[in-house]
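Participant: Based on what follows, work out the 3D shape:
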Amino acid sequence: MYLLTANAGLALSWAYLAWSCSKVWVEPLDLLNLDQLHQQTMFCIILSFLEPLNAALGYTRSKVSSTMLFVIGRSFIALYISQQFPDNTHSIQYLVTITCWALGELVRFSSFFVISVSKDLQTPALSIRYNVGPLMFTAGFLGEFVMLAVACLSSWSLVSPFLYLITIAWPFAWYSLFASLMRQRTKFYSALSNK
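Facilitator: Next up is the predicted model:
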């Protein structure tokens with residue numbers, strides 16, 4: 001029951017962020033809306049720390065290290081990059097990034113919720129996850145990477161070398177997580193074809 005509730009809560013929080021992002025895309029960009037979106041994004045990221053906790057407690061088969069890398073990476077982008085470089089918080093790349101995060105996580109946690117309810121590991125919800133997920137994950141990564149690059153080019157400070165190293169390492173961390181997602185996708189479709 002706990003995992004069902006956690007997945008429902010995460011899916012709903014990301015759904016609300018996706019809805020809020022869609023309204024900003026339709027309406028003229030308003031700095032107030034972007035500030036509210038940033039607060040909603042932070043709420044979703046804080047809730048996302050449930051995922052590594054669930055993995056650590058054995059409620060899911062996810063690797064704690066992978067889920068922590070995922071959540072900490074997003075936290076770094078939202079807490080540090082967007083705040084140290086205010087143009088990032090009020091930029092199109094930030095809006096693209098959080099929109100991709102929201103849509104990807106909405107699909108992912110909704111599929112987890114459906115699995116929790118149906119107990120069917122071959123549910124069509126997973127098919128949607130494994131087709132939409134890689135697209136949103138890659139688009140979100142590109143937004144993150146552009147934000148990091150803008151931050152590197154914006155100013156020089158004592159943290160700049162650290163920021164350059166993170167920017168260089170970012171694609172490698174993304175690839176590690178993306179490769180894991182693609183292995184899960186291959187395993188899912190292999191199991192479907194063997195049915």
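Participant: So which residue is dead centre in the chain?
Facilitator: Trp101 (4.0 Å; CA atoms, centre = their mean).
Participant: Now the element after the helix or strand containing that one, going C-ward?
Facilitator: Here Trp101 sits within helix 92-118, counting by DSSP states H and E. Counting by DSSP H and E, the next helix or strand C-terminal to helix 92-118 is helix 124-154.
Participant: And the helix or strand following that following helix, what's buried?
Facilitator: Downstream of helix 124-154, the first helix or strand assigned by DSSP H and E is helix 160-193. Buried residues in helix 160-193, counting neighbours by 16 or more other CB atoms under 10 Å, are found at 163, 166-167, 170, 174, 177-178, 181, 184-185, 188. (Each C-beta comes from the backbone N, C-alpha and C, glycine too.)
Participant: what's the answer for stretch 37-49, then?
Facilitator: 37-38, 40-41, 44-45, 47-48.
Participant: which residues touch it?
Facilitator: Stretch 37-49 is contacted from outside by 9-10, 13-14, 16-17, 20-21, 24, 70-71, 74-75, 78-79, 82, 89, 94-95, 98, 101-102, 105, using CB atoms under 8 Å, 6 or more residues apart in numbering.
Participant: Can you give the distance from that stretch to the centre of its chain?
Facilitator: 10 Å (CA atoms, centre = their mean, to the nearest Å).
Participant: Could you do stretch 14-26 as well?
Facilitator: On CA atoms, centre = their mean, the centre of stretch 14-26 falls 15 Å from the chain's centre.
Participant: Remind me what the helix holding Trp101 packs against, helices and strands.
Facilitator: Secondary-structure packing of helix 92-118 (3 or more CB pairs under 8 Å, 6 or more residues apart in numbering; DSSP states H and E): helix 2-26, helix 31-48, helix 124-154.
Participant: Reformat those into a markdown table and put mean pLDDT and distance to Ser110 next to each item.
Facilitator: Shown next, in a markdown table, are the helices and strands packed on helix 92-118 (pLDDT from 0 to 100; distance: least, CB to CB, whole Å):
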| stretch | mean pLDDT | distance to Ser110 |
| --- | --- | --- |
| helix 2-26 | 90 | 5 |
| helix 31-48 | 84 | 14 |
| helix 124-154 | 87 | 7 |
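Participant: show me the contacts for the nearest residue to Ser180 once chain neighbours are set aside.
Facilitator: Counting by CB to CB, 6 or more residues apart in numbering, Ser180 lies nearest to Ser66, which is 6.1 Å off, once chain neighbours are set aside. Counting by CB under 8 Å, 6+ apart, Ser66 makes contact with 176-177, 180.
Participant: Ser91 now?
Facilitator: Applying CB under 8 Å, 6+ apart to Ser91 gives the contacts 147, 150.
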